[in-house]
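> sequence plus the predicted model coming up.
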Amino acid sequence: MQYKNKAKHINIRDGILLLAKKFDLTLSEKKVIYYVAAGLSVKSCSNLLDRNIKTISTQKRSAYKKWILLLMLN
């Protein structure tokens, strides 16, 4: 995958790694959030990861729920 702005790519990667640790994301959730944060649609993620679009949507939703829950608890 080519990125126009390498600095943005580094920030996204570092941010996703930080989120993955803080919110206890699974590897699949981490991959999905990484690609969504990079600007890909859920459909594009499903094609790239060779997964059903519903699976990708579920993983994205699960990651967001973990994020919201942790924010509510803090």
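Nice, thanks for sending it over.
> tell me the pLDDT at Ala38?
With respect to pLDDT, Ala38 scores 85.
> and it, how far is that from Lys60?
In this structure, Ala38 and Lys60 are separated by 13 Å, where distance is defined by Cβ to Cβ, to the nearest Å. (Glycine included, C-beta is placed from N, CA and C.)
> gap between the residue most central in space within the chain and Ile56?
The structure's the chain has its C-alpha centroid closest to Ile33; by Cα atoms, centre = their mean the separation is 0.6 Å. Taking Cβ to Cβ as the measure, Ile33 falls 11 Å from Ile56.
> tell me where this protein has helices.
Under the criterion DSSP state H, the chain carries helices at the ranges 6-22, 27-37, 42-49, 53-73.
> pick the most deeply packed of the ones you listed.
helix 27-37 (a mean of 19; mean count of other Cβ atoms under 10 Å).
> what's in contact with it?
With Cβ atoms under 8 Å, 6 or more residues apart in numbering as the contact definition, helix 27-37 has outside contacts at 12-13, 15-17, 19-20, 25, 42, 44-45, 48-49, 56, 59-60, 62-63, 66.
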